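> Provided below for reference: sequence and predicted model.
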Amino acid sequence: MQVGMTLPVMEPDLDAATLESWSRLVDDGPFSSLCFGERMAFDNPDALTLLGAVSAWTRRVRIATTVLVPQLHHPVQLAKAIATGDLLSGGRLSVGVGVGGREEDYRAAGAELSTKTMQGMADRVATMRRVWAGDEVVDAVRPVGPPPVQAGGPEILVGTMGPKTVRHAASWADGLAGVTLDCDVTGVGRLFEQARADWGDAGRPAPRLTTSFWFAVGDEPRAQIHRHLRHYMNWLPTDLVDALAATAGFAGTSSELLDLLKRFEDIGTDEVQLIPTSSDRTQVERIAEVLA
């Protein structure tokens, strides 16, 4: 099983030096991917702009967007940006997509709330794949480029926590970019089993199965997760966030985290993508030591 690391893009007071330092640290370490997601009405860096920088800061590690919301973008423009990212990274890009759970992001992007559906997302993915194939999707002299390095474009993984999304995505996605709020290995295993069955029923190749969760190691890890969620989950009532923070993610020692990762490996997970709850690079260094 592979282990990826997410950039601390949802932490407050980020600067370019922190993002570059983390990117190079992950690229030099035992990690399989460098991940980051998208929000619109928040203080995180723009994911597509960051994609170009991360491509320049790294040489080895796979770059994964976890996740982009296609409905927040024009599909042709998004396809061009992703193809450019694939070009700049030398074909190291993996794209996670999701419907998104925050209406404020749709409003901030000027996107129609009526498109906040699985079908709305699938339709935009289909358009992007046509762009990457060089089809004439606009009335222009030449196709929209550049062509992606990866034939047919980067893999598309669907962000999900539930069976309904899995069933819908089996006909068009390449796998799952999952997330577990409470590190429920058994629940993730059931979702993976359903995905294998649904992809098989659709006559598709076996899906790539990834999941992710928040983590904190070191001193007062549960308090660290609590602080992070208070900032990140700003659209939810505080009492709800406080209740969630009591059990969300992983809080413990590096060796305990390694034991949890082994349990995810046992259910056939292709990759776990860890989500930090601090921008302190010692979080990455401790995990790197354990994985090495």
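Structure's in. What do you need?

> which non-adjacent residue is nearest P205?
Closest residue to P205 apart from its sequence neighbours, by C-beta to C-beta, 6 or more residues apart in numbering: W199 at 7.2 Å. Quick note: C-beta positions are derived from backbone N, CA and C, even for glycine.

> what helix or strand does the one you found sit in?
If you go by DSSP states H and E, W199 is part of helix 185-201.

> mind checking the pLDDT average for that helix?
What helix 185-201 shows for mean pLDDT is 97.

> ok, and the closest non-adjacent residue to the residue nearest the centre of the chain?
Closest to where the C-alpha atoms of the chain average out (C-alpha atoms, centre = their mean) is T66, at 1.2 Å. Using C-beta to C-beta, 6+ apart and skipping residues adjacent in sequence, the residue nearest T66 is G96, 4.2 Å away.

> give the bridge partners for that neighbour, please.
L157 (DSSP bridges).

> quick one: contacts for it?
Residues in contact with G96, defined by C-beta atoms under 8 Å, 6 or more residues apart in numbering, are G37, A64, T65, T66, V67, L68, I156, L157, V158, G159, A177.

> picking up where we left off before, is it true that the residue nearest to the centre of the chain touches Q273?
Yes: under the criterion of C-beta atoms under 8 Å, T66 makes contact with Q273 at 6.1 Å.

> now do the shared contacts for the two.
By C-beta under 8 Å, 6+ apart, the residues touching both T66 and Q273 are T6, C35, S212.

> burial of the first one, as a residue count?
Going back to what we said before, that points to T6. Here the count is done by other C-beta atoms under 10 Å, and T6 has 23 residues near it.

> for it, give me the pLDDT.
With respect to pLDDT, T6 scores 98.

> with V97 instead?
Note for V97: predicted pLDDT of 97.

> before we move on, what about the one 10 residues further on?
Confidence at R107, expressed as pLDDT, is 96.

> again with the one 3 residues further on
Looking at G110, its pLDDT stands at 95.

> helix or strand for S23, which one?
In the assignment (DSSP H and E), S23 maps to helix 16-28.

> so which bits of that helix are buried?
T18, L19, W22, S23, L25, V26, D27 (16 or more other C-beta atoms under 10 Å).

> just checking, the fifth one touches Q283?
This points to L25. No: in this structure, L25 is not within contact of Q283 by C-beta under 8 Å, at 10.2 Å.

> in the stretch 151-292 of the chain, what residue spans correspond to strands?
155-160, 175-178, 208-217, 250-252, 271-276 (DSSP state E, counting those that start in this stretch).

> which residues does stretch 193-204 contact?
Everything outside stretch 193-204 that qualifies as a contact, by C-beta under 8 Å, 6+ apart, is P163, V166, R167, A170, S171, G175, L176, P205, A206, P207, L209.

> show me the contacts for the third one.
What it means is R167. Per C-beta under 8 Å, 6+ apart, neighbours of R167: Q194, D198.

> how far away is it from M118?
Separation of R167 from M118 (C-beta to C-beta, to the nearest Å): 9 Å.

> same thing with the second one?
Spatial separation of V166 from M118 under the definition C-beta to C-beta is 10 Å.

> more neighbours, those two?
Comparing V166 with M118 by other C-beta under 10 Å, the one with more neighbours is V166, at 23 against 17.
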